[in-house]
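Undergrad: predicted model, plus sequence, below.
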Amino acid sequence: MQVIRDLSKLPEDARRGAIAIGNFDGVHLGHARIVSRLIERAREVQGPAVVFTFDPHPVRLLRPDQCPPPLTWTERKAELLVDLGVDWMVAFPTDEAMLQLSPREFFNTIVRERLDARAMVEGPNFFFGHNREGTIDVLRTLTDEAGITLSVVDPQVVDGEFVSSSRIRRLIAAGDVREARAMLTGPYRIRGMVTHGAGRGAKIGFPTANVHAIDTLLPGEGVYAGRAWIDGQAWPAAVNIGGNPTFDEQERKVEAHLIGWSAPLYGKPLELGFWRRLRDIRPFPSIEALQAQLADDVQLTQQIIAEE
């Protein structure tokens, strides 16, 4: 699937289908429920299933001090939506002009004129237009007037609570990536660039990639079992998020040991996926004690990944 950013270049086969509008941050089970209905509706109207998102999130422009870090970057979001069966994803550039559109103006410009939608699918808490004045009831009035069918999908519930991006964000920030993963459609991932570090890991037999310029939410401090994606290849990885108290380093860093990898990584983009939090960050009385713990971390990581 190709991500569409310019609606003036919208392909004809991305029009006259079913659309779902929202941020879809994280692409969780609630989003998957919406997408499932979206695909059903697209088949009924014999058109494409289209997800329309905003890039960046409108809150980043309206209230930047209140905008939480995202759970997914645009390309990752598109990958997850493709896996669910979506045909097209629009990543509409958010600007002041778009934010000033009334609900009716937004509906007429985007839904009717640009996408020429035949059906819409949304959750019950959907808002759109200037100051979020467009509610699901407003949308129902507009779709009725336009002869567009509207399906409203109930939220997904896990353990007695609604699945939401904010709920998942709290879990990840606390380091509970395993519980967060149970509500996501794929393991939580971050991305960044590999830069030079102190090189201590290589000296004690566990070389690490220092990952910087991460643009999504960072999991809480700890050691994690996961995978790394580099040059199109996936490798099991033990990931350390936090300081290095054994060497009296308090700076919070992201360091990944790619198990079995031997080629240089500096200057390369790297993605890290999180399966399970293994332990807290703590100081060790000696280098030998640290090496023994790292060996245990690697062994447990291999076991966890092999079981997936």
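TA: That came through fine.
Undergrad: for the residue nearest the centre of the chain, what are its contacts?
TA: Centroid-nearest residue in the chain, with C-alpha atoms, centre = their mean: residue 72, separated by 2.3 Å. By C-beta atoms under 8 Å, 6 or more residues apart in numbering, the residues touching residue 72 are 25-27, 80, 189, 216. C-betas here are computed from N, CA, C, even on glycine.
Undergrad: next, count neighbours for residue 218.
TA: Neighbourhood size, residue 218 [other C-beta atoms under 10 Å]: 15.
Undergrad: got any ranges where the protein has weak pLDDT?
TA: For the chain, no stretch is flagged by pLDDT under 70.
Undergrad: so what are the domain limits for it?
TA: 3-158, 187-307 (automatic domain parsing).
Undergrad: which residues of the stretch 201-308 of the chain fall in helices?
TA: 287-307 (DSSP state H, counting those that start in this stretch).
Undergrad: pretty sure residue 106 sits in a helix.
TA: Yes. Residue 106 forms part of a helix when assessed by DSSP: H, G, I helix; E, B strand; the rest coil.
Undergrad: that one: neighbouring residues, count only.
TA: 20.
Undergrad: before we move on, what about residue 289?
TA: If you count neighbours by other C-beta under 10 Å, residue 289 ends up with 12.
Undergrad: ok, the one 5 residues further on next?
TA: Here the number of neighbours of residue 294 (other C-beta under 10 Å) works out to 20.
Undergrad: from what I can see it touches residue 207, true?
TA: No. Counting by C-beta atoms under 8 Å, residue 294 does not reach residue 207; the two are 11.0 Å apart.
Undergrad: any residues in contact with both of these two?
TA: In contact with both residue 294 and residue 207: residue 257, using C-beta under 8 Å, 6+ apart.
Undergrad: what about residue 106, distance to residue 44?
TA: To residue 44, residue 106 is 24 Å away according to C-beta to C-beta, to the nearest Å.
Undergrad: no wait, residue 294
TA: 55 Å.
Undergrad: what's the answer for residue 227, then?
TA: 38 Å.
Undergrad: what's the helix or strand for residue 171?
TA: helix 165-173 (DSSP states H and E).
Undergrad: need the contact partners of that helix.
TA: 23, 25-26, 28, 68-69, 71, 161, 177, 179-180, 183-184, 188, 217, 219-220.
Undergrad: can you list the buried residues in that helix?
TA: Neighbour counts over helix 165-173 (16 or more other C-beta atoms under 10 Å) mark 165, 167-169, 171-172 as buried.
Undergrad: C-terminal to that helix, what's the next element?
TA: Heading C-terminal from helix 165-173 (DSSP H and E), you reach helix 177-181.
Undergrad: ok, then the element right after that next one?
TA: Next along the chain from helix 177-181, counting by DSSP H and E, comes strand 188-195.
Undergrad: give me the buried positions along that following strand.
TA: Neighbour-count burial for strand 188-195 [16+ other C-beta under 10 Å]: 188-194.
Undergrad: reformat those residues as CSV; add distance to residue 8.
TA: Formatted as CSV, the buried residues of strand 188-195 follow (distance: C-beta to C-beta, whole Å):
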residue, distance to residue 8
188, 35
189, 32
190, 33
191, 29
192, 33
193, 33
194, 37
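Undergrad: which among these gets closest to residue 303?
TA: Nearest to residue 303 among the buried residues of strand 188-195: residue 188, at 19.8 Å, using C-beta to C-beta.
Undergrad: list the contacts for that closest one?
TA: With C-beta under 8 Å, 6+ apart, residue 188 has these contacts: 26, 71, 172, 177, 180-181, 219, 273-274.
Undergrad: what residue, apart from its backbone neighbours, is nearest it spatially?
TA: residue 274 (5.0 Å; C-beta to C-beta, 6 or more residues apart in numbering).
Undergrad: same thing with residue 112?
TA: residue 146 (5.9 Å).
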